[in-house]
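Visitor: This is the structure alone, sequence omitted:
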Ligand SMILES: Nc1ncnc2c1ncn2[C@@H]1O[C@H](COP(=O)(O)OP(=O)(O)OP(=O)(O)O)[C@@H](O)[C@H]1O
C-alpha cells in the first residue's frame, strides 16, 4: 500500500526523522509509538505530503509521491487526522462530513471518474451513513463546536473517511480521552479497518490499549526507528524498554497488553 524508504526530515540543525523506512500492507492496523519529540508526527507529515522530506522515497500503490502536494496524496486514497482536530466549528456536524464528501482530495475530473461510485462501500456515500458508522448520528444537526472533545475526534475521523481513503493515518485520536473512551476508540478503529477494508496507521501515547489492538508496532526514538514487530516482541525489546516502555507502563501491564 505505502512504502517509505529512508525518510529523513531536518529542521535546521535538528534531524526530526532520521532515515526511517517502513512498509504498510493492505488491511494492516499498525501502531506508531515513542517518547515525546521522537518524530512520530513529523514522520506522518512526511508520508502524507504535509512536510516535504529532506531525503527519502515514498510510493503509494507502487507509484512515487515524491514532491507531490497533500491533495495528490488524498486523491490517491490517503487520509489523515491531526493532533488538534480540524473541524469547522460553526458548521453542523453533518455539513462537516458533507464537505469532506464533496471537496476533499479529489479534483473535478476525478469526481466524474468516481461519480458512479464503483468500489466505494455504501457507508461512505452519504454523510448520514458515515455519521452512523462513527456513532455521531444523534449529533448531526449540532454545530461542530457544540459537541464534546471525544466527539470532535470522531468527527475528524468521519471527515477523513468522507474522502474515501484506502489508507488512514490517525494522529493521537485518543488524546485526552478517558480510559473507557480510549478503549471504545480502539474498537471503532478496528471495526472501521475491517468493515471498510482500510489500512490504518495509528500514533498514540495510550500504549497499553494500542498494543492490545494493533497487529504490528513501530517504535521511534530520537527520530530513528528502533523496532518494527508484533506487540509481543516489541514489549520484550530491551532498547524499546530503555527508551520508552519502561516509563510508560510496568512489565506486568505490558505483558497483559500484548497477551
Ligand atoms: N516545524 C518544525 N520546526 C522545527 N522543529 C520541529 C518542527 N516540527 C517538529 N519539530 C521538532 O522535531 C522533533 C520531532 O517532533 P514531532 O512532533 O514529530 O515528535 P512526536 O514524536 O510526534 O512528539 P509528540 O509525541 O510530543 O507529539 C521535536 O524535537 C520537535 O520539536
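Guide: Ah, there it is. Every value quoted in this text rests on a predicted model; they were computed, and no experiment measured them.

Visitor: Any figure for the gap between the closest residue to residue 204 other than its chain neighbours and the ligand?
Guide: Closest residue in space to residue 204, ignoring its immediate chain neighbours: residue 210 at 4.6 Å, by Cβ to Cβ, 6 or more residues apart in numbering. The way it works is simple: take the backbone N, C-alpha and C, and place the C-beta from them, glycine included. With distances taken as Cβ to the nearest ligand atom, to the nearest Å, residue 210 is found 13 Å from the ligand.

Visitor: Could you check how many residues crowd around residue 210?
Guide: Neighbours of residue 210 under the rule other Cβ atoms under 10 Å: 23.

Visitor: now do residue 50
Guide: Counted with other Cβ under 10 Å, residues neighbouring residue 50 total 15.

Visitor: Name the nearest residue to it, ignoring sequence neighbours.
Guide: residue 70 (5.7 Å).

Visitor: residue contacts, the one you found?
Guide: By Cβ atoms under 8 Å, 6 or more residues apart in numbering, the residues touching residue 70 are 48-50.

Visitor: Secondary structure element holding residue 220?
Guide: strand 216-221 (DSSP states H and E).

Visitor: Need the residues that contact that strand.
Guide: 17, 20, 22, 28-35, 38-40, 43, 210-211, 225-231, 234, 237, 239-240, 243-244.

Visitor: Tell me the helix or strand right after it.
Guide: Where DSSP H and E defines the elements, the next helix or strand beyond strand 216-221 is strand 224-229.

Visitor: what helices or strands is that following strand leaning on?
Guide: In terms of contacts (3 or more Cβ pairs under 8 Å, 6 or more residues apart in numbering; DSSP states H and E), strand 224-229 is packed against strand 14-24, strand 216-221, helix 238-240.

Visitor: out of these, which comes closest to the ligand?
Guide: Ranking the helices and strands packed on strand 224-229 by proximity to the ligand (Cβ to the nearest ligand atom) places strand 14-24 first, at 3.3 Å.
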